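K.L.:
The following comprises the amino acid sequence and a computationally predicted model.
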Amino acid sequence: DAGVIQSPRHEVTEMGQEVTLRCKPISGHDYLFWYRQTMMRGLELLIYFNNNVPIDDSGMPEDRFSAKMPNASFSTLKIQPSEPRDSAVYFCASSSSYYGYTFGSGTRLTVV
Amino acid sequence: QKEVEQNSGPLSVPEGAIASLNCTYSDRGSQSFFWYRQYSGKSPELIMFIYSNGDKEDGRFTAQLNKASQYVSLLIRDSQPSDSATYLCALRNNAGNMLTFGGGTRLMVKP
């Protein structure tokens, strides 16, 4: 099992540009989560999906953020337009029902 | 009040000692509790989970849960320098499969 796969590992972009983060969950896991981690705020849940359907997006900071899960093996988190305050590590995690999550390696986003 | 509270540390212990990491929570509906370890620059990895009151042991790690006191802890016996990391407490309530994380406690084990 390759685990949760995220890409890219690092992203540096200019303010105002569109950023797309990608995630491939573990096969068979029916839940997918997007988290953001900063020193100030810790791990924050942005959105999560169950069987490809968004369940709770109350953590999405604003309309600039959007997430999709077109099938069971792929999800994207898009920021458009990006701002310097979006700089953080973005984690994708997946789980099967009531077990703990498995996290991907994360994408370190820097917006300059 | 935050849903999950942890002392940010750092907690410093000598090699071979017992490290005690604590977590309190506010939601009495919380059903299950998880401890994650996160090395600097890495992603969180699951160490243990506990559902029932009492102790659960796994190697050098023991998780303790007291739902009446809304308290969960992680004990690390025979601490090693390789245990130096941030330890995140997380809980799940009965409303779904969403985990809420505490801010983490940074542990430093000194040789």
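P.N.:
On my side now, so go ahead.
K.L.:
Give me the three-state assignment for the spatially most central residue of chain A.
P.N.:
With distances taken as CA atoms, centre = their mean, chain A has A:Trp34 as the residue nearest its mean C-alpha position (3.4 Å). For A:Trp34, the reduced secondary structure class is strand; criterion used: DSSP: H, G, I helix; E, B strand; the rest coil.
K.L.:
check contacts around it.
P.N.:
A:Cys23, A:Leu45, A:Leu46, A:Ile47, A:Tyr48, A:Ala67, A:Ser75, A:Leu77, A:Tyr90, A:Phe91, A:Cys92 (CB atoms under 8 Å, 6 or more residues apart in numbering or on different chains). (C-beta placed from N, C-alpha, C; glycine too.)
K.L.:
quick one: the third one and A:Gly100, what's the gap?
P.N.:
Distance, A:Leu46 to A:Gly100, by CB to CB, to the nearest Å: 19 Å.
K.L.:
got the contact list for the one helix or strand in chain B whose mean pLDDT sits lowest?
P.N.:
Lowest by mean pLDDT, DSSP states H and E among the helices and strands of chain B is strand B:99-101, with a mean of 90. By CB under 8 Å, 6+ apart, the residues outside strand B:99-101 that reach it are A:33, A:42-43, A:45, A:100-101, B:3-4, B:27, B:34, B:36, B:88-93.
K.L.:
Swap in 10 Å and give it another go.
P.N.:
A:33, A:35, A:37, A:42-45, A:48, A:93, A:95, A:100-101, B:2-4, B:6, B:25-27, B:30, B:32-34, B:36, B:44, B:88-93 (CB atoms under 10 Å, 6 or more residues apart in numbering or on different chains).
K.L.:
Great, nothing more from me.
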